[in-house]
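Q: Prediction below, plus the sequence it came from.
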Amino acid sequence: MAYINDYTYYENTGNPNTEDANWGSYQYVSLDDIVTNFILMYVGNDKLINNVERYNILFHAKRAIQELNYDSLKEIKILELQVCDTLRFVLPPDYVNWVRLSLYKDGLLMPLTENIQTNWSDAYLQDNNCRILFDHDGNILKPSTSTIDMQRILNEKKTIYLNESSCYHGQEGYFYNGLWYFEYPIGGRYGLNTETANQNPTFKINKQGGVINFSSDMANELCVLEYVSDGMEKGDDSKVSVNKLFEEFIYAYIKYVILNSKVGVQEFIINRLRKEKSALLRNAKLRLSNIHPGRLLMNLRGQSKWIK
């Protein structure tokens, strides 16, 4: 990224459509700069790498950035949307994996629990003899909504979680000698699965359908999705960038994958480049971890707290 003066940085001149386009930009190096720098410094007749096309370097640079975004960069994106009556939340176009989903209510973020049961499904139309029905082209006929989906939307589907949709919610019992007794196997909740001991709404991600399906108590509520992307900015290479702490790792990654795929490269060179790549990745992760003395002190003080 080209250097800019302070006025351009704060006032974002040159980016009239985005107020904060330049803020924090010095932390990052663009994809184009990475490819150009690599060609200038690591490609040539007197270098290990020669006779390589720019598109090859571009491909491997993008693959390195994708791998970093999955588990190392910690560049988490946050999206807020209202869940409507359909109880669905369409995944963002650059979604790869989720970090956390929360219900935002009364100024608080309340983490949601992933439902371990299926809360959505496809369905096929069948005749009275349970035979699957087809159209004139031989394709299976499907209803607009499955029974599981419809019951979830209409708040008729029971759940194993301890909320209003629980099969035990509202059930009557009787009180005798200071104890409550029930006509169903809940008793003192011996052997309670702590994974289901949750009153917050639940969700289940339909990856192929590209949606998040929620339990009925999320209707008309605000949901906050924290997720990771692959860093490819929806295919716009001009917007792709990476934290400068990982710049040297990306150069090492490109060198390794290019020479590793070539015929005739000595094995000791490949091993040396592999070790260099791993060491640079480890160093970058340590730098990005931001281990400050103040944070360590807070953790140490927390360990000496008395538990009553």
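A: Right, received. Where do you want to start?

Q: can you pull out the helices in the stretch 51-200 of the chain?
A: 54-71, 147-153 (DSSP state H, counting those that start in this stretch).

Q: what's the top strand by length along the chain in contact with?
A: Ranked by residue count and defined by DSSP state E, the top strand of the chain is strand 97-105. Contact partners of strand 97-105, identified using CB atoms under 8 Å, 6 or more residues apart in numbering, comprise 70, 76, 80, 109-112, 200-201, 203, 205, 212, 218, 221-228. Backbone N, C-alpha and C define where each C-beta goes, glycine included.

Q: Just the buried residues of those.
A: For those, a burial check counting by 16 or more other CB atoms under 10 Å picks out 112, 200, 201, 203, 205, 212, 218, 223, 224, 225, 227, 228.

Q: Narrow these to those in strands?
A: 203, 205, 212, 223, 224, 225, 227, 228.

Q: The residue lying closest to the fourth one once chain neighbours are set aside: neighbouring residues, count only.
A: I take that to be residue 223. Closest residue to residue 223 apart from its sequence neighbours, by CB to CB, 6 or more residues apart in numbering: residue 83 at 5.3 Å. Applying the criterion other CB atoms under 10 Å, we find 20 residues in the vicinity of residue 83.

Q: Repeat that for residue 251.
A: 20.

Q: try residue 213
A: So residue 213, with other CB under 10 Å, has 24 neighbours.

Q: And it, how far from residue 244?
A: 40 Å (CB to CB, to the nearest Å).

Q: swap in residue 152?
A: For residue 152 relative to residue 244 (CB to CB), the value is 46 Å.

Q: Also residue 12?
A: 21 Å.

Q: Neighbour count for the two, which is higher?
A: residue 12 (18 against 14).

Q: tell me the phi and psi of that one?
A: phi 60, psi 40 (degrees, to the nearest 10).

Q: which residues touch it?
A: So residue 12 contacts 18, 19, 20, 21, 22, 23 (CB under 8 Å, 6+ apart).

Q: ok, now residue 75?
A: Contacts of residue 75 (CB under 8 Å, 6+ apart): 69, 228, 229, 231, 243.

Q: and if we set it to 10 Å?
A: 28, 68, 69, 228, 229, 231, 242, 243 (CB atoms under 10 Å, 6 or more residues apart in numbering).

Q: what do you get for residue 233?
A: By CB under 10 Å, 6+ apart, the neighbours of residue 233 are 31, 94, 239, 240, 241.

Q: Just the buried residues of those.
A: For these, buried by 16+ other CB under 10 Å: 31, 94, 240, 241.

Q: now for these, which pair is the farthest apart?
A: 31 and 94 (15.3 Å; CB to CB).

Q: Toward the C-terminus, what is the element adjacent to the lengthiest helix in the chain?
A: The helix that spans the most residues within the chain, counting by DSSP state H, is helix 267-288. Proceeding N to C from helix 267-288, the next assigned helix or strand is helix 293-303, under DSSP states H and E.

Q: So which elements touch that following helix?
A: If contacts are counted by 3 or more CB pairs under 10 Å, 6 or more residues apart in numbering; DSSP states H and E, helix 293-303 sits against no helix or strand.

Q: re earlier: okay, angle between the longest helix of the chain and helix 54-71 too, please.
A: Orientation check (axes from the mean of the first three to the mean of the last three CA atoms, to 10 degrees): helix 267-288 against helix 54-71 gives 50 degrees.

Q: Quick one: mean pLDDT for helix 267-288?
A: When pLDDT is averaged over helix 267-288, the result is 92.

Q: chain center to that helix: distance?
A: When distances are taken as CA atoms, centre = their mean, to the nearest Å, helix 267-288 is centred 26 Å away from the chain's centroid.

Q: which outside residues touch it?
A: Contacts of helix 267-288 (CB under 10 Å, 6+ apart): 48, 64, 67-68, 71-74, 243-260, 262, 265-266.

Q: got any ranges where the stretch 51-200 of the chain has weak pLDDT?
A: Applying pLDDT under 70 to the stretch 51-200 of the chain flags residues 119-120, 155-198.

Q: Kindly report the domain assignment for the protein.
A: 30-74+231-289, 76-228 (automatic domain parsing).

Q: Return the residues in contact with residue 108.
A: residue 102 are the contacts of residue 108 under CB under 10 Å, 6+ apart.

Q: who does it bridge with?
A: Judged by DSSP bridges, the bridge partners of residue 108 are residue 105.

Q: and the gap between it and residue 241?
A: 33 Å.

Q: ok, how many other residues are close to residue 88?
A: 20.
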